[in-house]
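In: after the sequence you'll find the predicted model.
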Amino acid sequence: MTDVCRMILGADGNGAYGVFVTLPGFDARTADPADNLKWAFRSDWSRIENLHQVGRVTGLGPSSSLQKRVDFPALPYIPFVSVRYESAIGTMQDDPWCKGNYVEQAYFTPLRVHVGLDFFRVGFPVGSSQSAASPAVPASAVYFIWKIPVAVPA
């Protein structure tokens, strides 16, 4: 077993001080600071919120035919994907809400997202009571694919 150091707190050996964390398989002591594909985080980055792709998904619903696949250029890791509902009036929401009789009632069926190296699949759970035709449930969503690696269970 090789001795791999994935995190440094302090001097990185190149004159920078901070927190430096590599992706699995790369040593923080020897990885090139300019090679962003080897790093999960470097506190000397001027920006960490780099977006890989942004877009809109339409026609979402509860049947398997209404589960949508979105392809994107592959990254060397599974990226963080954020999906937000887009309501009929253009409001972005984390959760869909509908007006009830004098009370706001939440739908408790969130969108499900499955992410791979070069795609993600999004939609309501198959067989849920949500309907793409219902005005209370948005039939579209906006997505953001971030250049931030997600830890994958072993």
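Out: Now that the structure is in, tell me what you want to look at.
In: quick one: least confident helix or strand in the chain?
Out: Least confident element among the helices and strands of the chain, by mean pLDDT, DSSP states H and E: strand 104-106 (a mean of 39).
In: partners of the following helix or strand past that strand, with directions?
Out: As assigned by DSSP states H and E, the chain's next helix or strand after strand 104-106 is strand 112-115. Strand 112-115 sits in its sheet next to strand 119-123 (antiparallel), going by DSSP bridges.
In: restricting to C-alpha, output the partner strand in CSV.
Out: What follows is strand 119-123, C-alpha atoms only, in CSV (Å, rounded to 0.1, in the frame of the first residue of the first chain):
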residue,chain,number,x,y,z
PHE,A,119,-25.3,12.2,-17.7
PHE,A,120,-28.0,12.6,-15.2
ARG,A,121,-31.6,11.4,-15.2
VAL,A,122,-34.4,13.5,-13.6
GLY,A,123,-38.1,13.1,-13.0
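In: quick one: buried residues of that strand?
Out: Judged by neighbour count (16 or more other Cβ atoms under 10 Å), strand 119-123 contains these buried residues: 120, 122-123. Glycine gets a C-beta too; all of them are placed from N, C-alpha and C.
In: enumerate the positions of the helix or strand just after that strand that are buried.
Out: Next helix or strand after strand 119-123 toward the C-terminus (DSSP H and E): strand 140-149. Within strand 140-149, the residues that qualify as buried are 141, 143-149, counting by 16+ other Cβ under 10 Å.
In: and strand 140-149, average pLDDT?
Out: What strand 140-149 shows for mean pLDDT is 85.
In: what lines up beside that strand in the sheet?
Out: strand 51-58 (antiparallel), strand 79-86 (antiparallel).
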